[in-house]
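>>> The following block contains a protein sequence and its predicted model.
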Amino acid sequence: MDNILKIKNLKKSYKDFTLDNLTFNVERGSVMGFIGPNGSGKSTTIKLIMNLIKKNSGNINVFGLDNSKHDKEIKQKIGFVYDENYFYEELNIIEMKNILRPFYKGWNDTLFEKYVKEFELSKKNKIKTLSKGMKMKLSLAFALSHNAELIIMDEPTSGLDPVFRSELLDILYNIIQDENVSIFFSTHITTDLEKIADYITFINKGKLVFSKTKDEIVEHYGIVKGSKDLLDNDTRREFVSIKETNFGFEALTKDIIKARKIFKGKGIIEKASLEDIMVYTVRGIV
Amino acid sequence: MNIIISNSSQNPIYEQIVTQIKTSIMKEEITQGDVLPSIRSLAKELQISVITTKRAYEELEREGFIETVPGKGSYVSGQNKDLIREKRLKNIEETLNEVVTESKLLNLSLEELQGMLELLYIEVI
């Protein structure tokens, strides 16, 4: 398969945090959700991909090119959406566009106009008067108007309401109708964005937990709930981590099929959400 | 054709799609030569991932229900109805086989079993 982004043995050390030996790939035409708790290294990874900070070691390949040697070439084809606003607040949308446009060879004014209209952005208003959701849409309009093949978004939905998140989801589905485009986004997990992801890469404390297809994850992980007398040394081994209360237990298993056999008729077995997987895994590592 | 996805179902989403497309073929809601939505547009409509819809289509292809022409799309292939019917008949045969084995273990006579089946056949709508 053609990988649009290849990360191999990536390492970045700070005084009290190390992104350690991170390896994963993003396939062309796919959507990858990048998840992990706060401070797990998601933003560091994205900054490294964007060549905004220097790595200690490892490789980052974007479109088959080394990301620091071919920085300018690569960025022509990346659409980057930050969590924070990086626009000149005093300008209006058109003035801002006139500043950004010359940087991109592939800039397409018609496309930009289309998005501005579609996202219902008012061209004359100063950027500082836009709501958080509107600023997000503006970022997207810029990211999508220069024929980017890789859309990278850092926490695109943080602080946004469910209605907007669902709108964003629709926008992303429209983007991936083009099978050459890949989307890579970090998130704390929002169930709505969970839907669109083909792959999930999960990091915790700077280390990779897994990078797999979402289907594989959702079909194998499960939550078992039941009374505490079901727990003994053998059954405990089936779980990533267990939460016990006075009234019973809840636990995460990596093998729901096996759990269905072991706990048949005794406990409740449910599908695990990505949120469950994240919470129980982080707890299990501690 | 309707496709309804349940997130609380035990069955994986791709399987739910496969079953429902098969049912649509069986009911002749879609017939030979009909074009199916593209993998990416179906993912968008159902709000699921592209990989999941791709997997569903691959499964349907493997079982001979649809054909995919690269660059053109996926079509419903011919003779599906008989194929599905045959498969379902085989299913019934297998289930009945189990019933017979179980009945013999309990020394149930053929007449008794037939009586039971008759009752059930009338009762179940």
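Yep, that arrived. Numbering: from 1, shown residues only, chains lettered A, B, ... in the order given.

>>> Just give me the neighbour total for residue A:279.
17 (other Cβ atoms under 10 Å in any protein chain shown). Any C-beta I mention is one placed from the backbone N, CA and C, and that applies to glycine too.

>>> Can you tell me the element it falls in?
Residue A:279 is part of helix A:274-285 when elements are defined by DSSP states H and E.

>>> Give me the contact list for that helix.
A:33, A:35-37, A:189, A:191, A:194, A:200, A:202, A:204-205, A:209, A:214, A:217-218, A:221, A:223, A:240-241, A:243, A:251-252, A:272 (Cβ atoms under 8 Å, 6 or more residues apart in numbering or on different chains).

>>> Please save the CA atoms from it in CSV.
What follows is helix A:274-285, C-alpha atoms only, in CSV (Å, rounded to 0.1, in the frame of the first residue of the first chain):
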residue,chain,number,x,y,z
LEU,A,274,-12.5,3.8,22.0
GLU,A,275,-13.0,5.9,25.1
ASP,A,276,-13.3,2.8,27.2
ILE,A,277,-10.2,1.3,25.6
MET,A,278,-8.2,4.5,26.2
VAL,A,279,-9.3,4.9,29.9
TYR,A,280,-8.7,1.2,30.8
THR,A,281,-5.4,1.0,29.0
VAL,A,282,-4.0,4.1,30.6
ARG,A,283,-5.1,2.8,34.0
GLY,A,284,-3.6,-0.6,33.3
ILE,A,285,-0.2,0.8,32.5
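
>>> Give the next helix or strand downstream of whichever strand or helix holds residue B:91.
Per DSSP H and E, residue B:91 falls inside helix B:80-105. Where DSSP H and E defines the elements, the next helix or strand beyond helix B:80-105 is helix B:110-123.

>>> Per the annotation, how does chain A divide into domains?
Following automatic domain parsing, one finds the domains of chain A at A:3-213, A:221-285.

>>> Show me what counts as buried in the helix holding residue A:279.
Neighbour-count burial for helix A:274-285, counted by 16 or more other Cβ atoms under 10 Å in any protein chain shown, picks out A:274, A:276, A:277, A:278, A:279, A:280, A:281, A:282.

>>> how close does the residue nearest to residue A:128 when sequence neighbours are not counted get to residue A:154?
Excluding its sequence neighbours, the residue lying closest to residue A:128 (Cβ to Cβ, 6 or more residues apart in numbering or on different chains) is residue A:89, at 3.8 Å. Distance from residue A:89 to residue A:154, counting by Cβ to Cβ, to the nearest Å: 20 Å.

>>> again, but for residue B:53
Taken as Cβ to Cβ, the span from residue B:53 to residue A:154 is 27 Å.

>>> try residue A:105
From residue A:105 across to residue A:154, the span is 24 Å (Cβ to Cβ).

>>> Likewise for residue A:221?
26 Å.

>>> for residue A:28, same thing?
Distance, residue A:28 to residue A:154, by Cβ to Cβ: 21 Å.

>>> These two - which one has more neighbours?
The residue with more neighbours, out of residue A:28 and residue A:154, is residue A:154; 21 against 16, by other Cβ under 10 Å.

>>> which residues are contacting the worst-scoring helix or strand of chain A on mean pLDDT?
Scoring the helices and strands of chain A by mean pLDDT, DSSP states H and E places helix A:191-196 at the bottom, with a mean of 83. Residues external to helix A:191-196 that are found in contact with it (Cβ under 8 Å, 6+ apart): A:31, A:33, A:157, A:162, A:165-166, A:168-169, A:172-173, A:176, A:183, A:185, A:187, A:214, A:273-275, B:43, B:47-49.

>>> Can you say which of these are buried?
Neighbour-count burial (16+ other Cβ under 10 Å) is assigned, among the contacts of helix A:191-196, to A:31, A:33, A:157, A:165, A:168-169, A:172-173, A:176, A:183, A:185, A:187, A:214, A:273-274, B:43, B:48-49.
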